[in-house]
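# give me a 3D structure for the following:
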Amino acid sequence: MLVGSEIFKRSRPRAEFGFPGPLRDRLVAAVLDGSKTSTTGLVADYEHEGEPLPEAGRREVVVDSREHPVAVIEVTEVRVVPLAEVDLAHAVDEGEGDTSVAGWRAGHERFWHGAEMRAALGDPGFTVDDATPVVLERFRVVTLLPAPGG
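A predicted model of the protein is given here:
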């Protein structure tokens with residue numbers, strides 16, 4: 001039987017930033033402190049998972065590395081653009097400390113070309129280039145959720 005946060009967790013789409021581990025922990029902390037208000041995904045990832053692209057107004061449960069729900073966010077804007085068209089405002093609003101699009105892109109390419117992402121896509125040779133379609137998502141925190149057992 002599901003109770004409390006488990007029902008809530010399963011009743012909404014999940015927002016998973018990166019893969020569980022140190023990167024997700026940093027990204028979730030940035031969401032919770034308000035410094036992260038945008039994120040970027042690959043259209044290829046949505047297609048591989050058979051998931052629809054997010055839409056403005058959609059609410060998602062942010063989960064931490066232990067899969068605990070920590071917040072609810074609401075998508076406020078979605079754009080699909082070629083990777084070459086990501087702008088500085090979006091890069092800065094990802095909350096990872098980037099001050100240039102080039103720095104932001106280098107970090108994202110390391111992630112997208114990493115073994116975990118390639119395995120998740122089922123493509124060991126996956127790479128991105130200027131034409132790769134990406135999903136630029138803006139969001140706001142609607143609710144902070146209590147810590148498990150708290």
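# which strand runs longest in this structure?
Longest strand in the chain by number of residues, with DSSP state E as the criterion: strand 69-82.
# the residue nearest to the spatial centre of the chain: what's it in contact with?
Nearest to the geometric centre of the chain sits Phe17, at 3.9 Å (CA atoms, centre = their mean). Contacts of Phe17 were listed using CB atoms under 8 Å, 6 or more residues apart in numbering, and they are 23-24, 27-28, 31, 36, 39, 62. C-betas here are computed from N, CA, C, even on glycine.
# and the gap between Met117 and Phe111?
Distance of Met117 to Phe111, given as CB to CB, to the nearest Å: 6 Å.
# if we can go back for a sec, can you list the strands that the longest strand of the chain pairs with?
strand 59-63 (antiparallel), strand 133-144 (antiparallel) (DSSP bridges).
# next, the buried residues of the longest one.
Using 16 or more other CB atoms under 10 Å as the burial criterion, the residues of strand 133-144 that qualify are 134-139, 141.
# for the record, mean pLDDT for that strand?
Averaging pLDDT along strand 133-144 yields 98.
# got the CA positions of that strand in CSV?
Output of strand 133-144 as CSV, limited to C-alpha atoms (Å, rounded to 0.1, in the frame of the first residue of the first chain):
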residue,chain,number,x,y,z
PRO,A,133,18.2,19.3,-31.2
VAL,A,134,18.0,20.1,-27.5
VAL,A,135,15.1,20.9,-25.1
LEU,A,136,15.6,24.1,-23.2
GLU,A,137,13.3,24.1,-20.2
ARG,A,138,12.6,26.8,-17.7
PHE,A,139,10.9,26.1,-14.4
ARG,A,140,10.0,27.4,-11.0
VAL,A,141,9.9,25.7,-7.6
VAL,A,142,6.3,25.4,-6.5
THR,A,143,6.7,23.4,-3.3
LEU,A,144,9.6,22.2,-1.2
